[in-house]
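Trainee: fold the stuff below for me.
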Amino acid sequence: MSPGTTKHTGPVPARTGAGRGAGRGAAAPWLYLAPALVVLGGLLVYPIYQLGLISFLEYTQAQVSGGEPTTFQGFANYAELFGDSQFWDVAVATLVFAAVCVVSTLAVGCALAVLLTRIRAIPRFVLTLAALGAWATPAITGSTVWVFLFDPDFGPVNKVLVWCGLSGFQDYSWTYDRYSAFALVLCEVVWCSFPFVMVTVYAGVKAIPAEVLEAAALDGASNWRIWRAVMAPMLRPILVVVTIQSIIWDFKVFTQIYVMTNGGGIAGQNLTLNVYAYQKAFASSQYSLGSAIGVVMLVTLLAVTLVYLRLLRRQGEEL
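Mentor: This is a model prediction of the structure:
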């Protein structure tokens, strides 16, 4: 042992205070989140569990009333569902309809958000108030109003079109044809959905430094170029949020389809998966099949969302 070195023979005291402090620090966030997690567990996890459980059972009106015992069917309900050609027609129609709704909602919302930054205070206030009014209108009320506007006998839209010289719209029924009915529902869905996108994107645009936009304009960039090359990349996190929200909302549209097409259109030509599940579960009392459709919708939404986020991560975007 070299001179000046002190030999410690006693035990080294453990840093119990620091260790306990670190443990408490790691657990603190979970303690704060615990009430919200309990509420989410009751409102989200348990219903999903019940939905999945019923989809594996034979659960019809006979089982609900107690006339017959509930039996485990395994994947028989899914096999019956996937073997039904109508299910695949409805699934394809739902995916296409939801995709068009999402793209249209984002286009209208983003365009109006940029417009809000270009107009004066009074027009901006009027546009914002009108948009928030559409957003606050209940879906069933808005759907009823749109049905009246396009009513073949008393609707003002047909009357205006005929007055403009388009005589083919005399007594024209917008909900009789499959594609015009979907187009009508599309307009209503966009009308009640774009305010969320508009307000959210407008808040993001206002947070962009004005010097950046002025520099792009001085370089001769057009409005579209400024949006595509400057604003959209800076608004990417916000656009991700509104896109995912729109996918979820538009994929599970129910009220607008049910009200405006009278339960899914003539011979079910305007059915979406949500309305199709409702018909199976409540109109036909095949609750197990309706639950299976609900599980398929849940898995599809999760898959679409994960694929979208994965594509963004491959592009190097930080979410």
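Trainee: roughly how far apart are the residue nearest the centre of the chain and V96?
Mentor: With distances taken as CA atoms, centre = their mean, the residue of the chain nearest its centroid is I248 (2.2 Å). Relative to V96, I248 is positioned 17 Å away (CB to CB, to the nearest Å). All C-beta spots, glycine's among them, are computed from the backbone N, C-alpha and C.
Trainee: got it, and G133?
Mentor: Distance, G133 to V96, by CB to CB: 30 Å.
Trainee: what of R178?
Mentor: If you measure R178 against V96 using CB to CB, the figure is 12 Å.
Trainee: these two: which has the busier surroundings?
Mentor: Here R178 and V96 are compared on neighbour count by other CB atoms under 10 Å; more neighbours surround R178, at 15 against 11.
Trainee: go ahead and confirm that one touches G268.
Mentor: No - taking CB atoms under 8 Å as the contact criterion, R178 and G268 are not neighbours in contact, 10.0 Å apart.
Trainee: now for those two: what residues contact both?
Mentor: Shared contacts of R178 and G268 (CB atoms under 8 Å, 6 or more residues apart in numbering): none.
Trainee: now the longest helix seen in the chain: buried residues?
Mentor: Across the chain, the helix with the greatest residue count (assigned by DSSP state H) is helix 85-116. By neighbour count on 16 or more other CB atoms under 10 Å, the buried set for helix 85-116 is 87, 90-91, 93-94, 97-98, 100-102, 104-106, 108-110, 112-114, 116.
Trainee: then stretch 46-62?
Mentor: By neighbour count, with 16+ other CB under 10 Å as the criterion, the buried positions of stretch 46-62 are L51, I54, S55, F56, L57, E58, Y59, T60.
Trainee: again, but for stretch 153-172
Mentor: Neighbour count says stretch 153-172 has G155, V157, N158, L161, F169, Y172 buried, by 16+ other CB under 10 Å.
Trainee: please apply the same query to stretch 283-302.
Mentor: When neighbours are counted by 16+ other CB under 10 Å, the buried residues of stretch 283-302 are found to be 285-297, 300-301.
Trainee: in helices, which of these fall?
Mentor: Using DSSP H, 287-297, 300-301 are the members of the buried residues of stretch 283-302 that sit in helices.
Trainee: identify, from those residues, the entry nearest to L43.
Mentor: When these are compared for distance to L43, the smallest value, 15.7 Å, is given by G294; criterion: CB to CB.
Trainee: in terms of pLDDT, where does that closest one sit?
Mentor: In the prediction, the pLDDT value recorded for G294 is 94.
Trainee: find the residue closest to it in space, skipping its chain neighbours.
Mentor: Across the structure, with CB to CB, 6 or more residues apart in numbering as the measure, the residue nearest G294 apart from its sequence neighbours is L51 (5.2 Å).
Trainee: and E80, by the same measure?
Mentor: Closest residue to E80 in three dimensions, ignoring its sequence neighbours and counting by CB to CB, 6+ apart: L289, at 6.9 Å.
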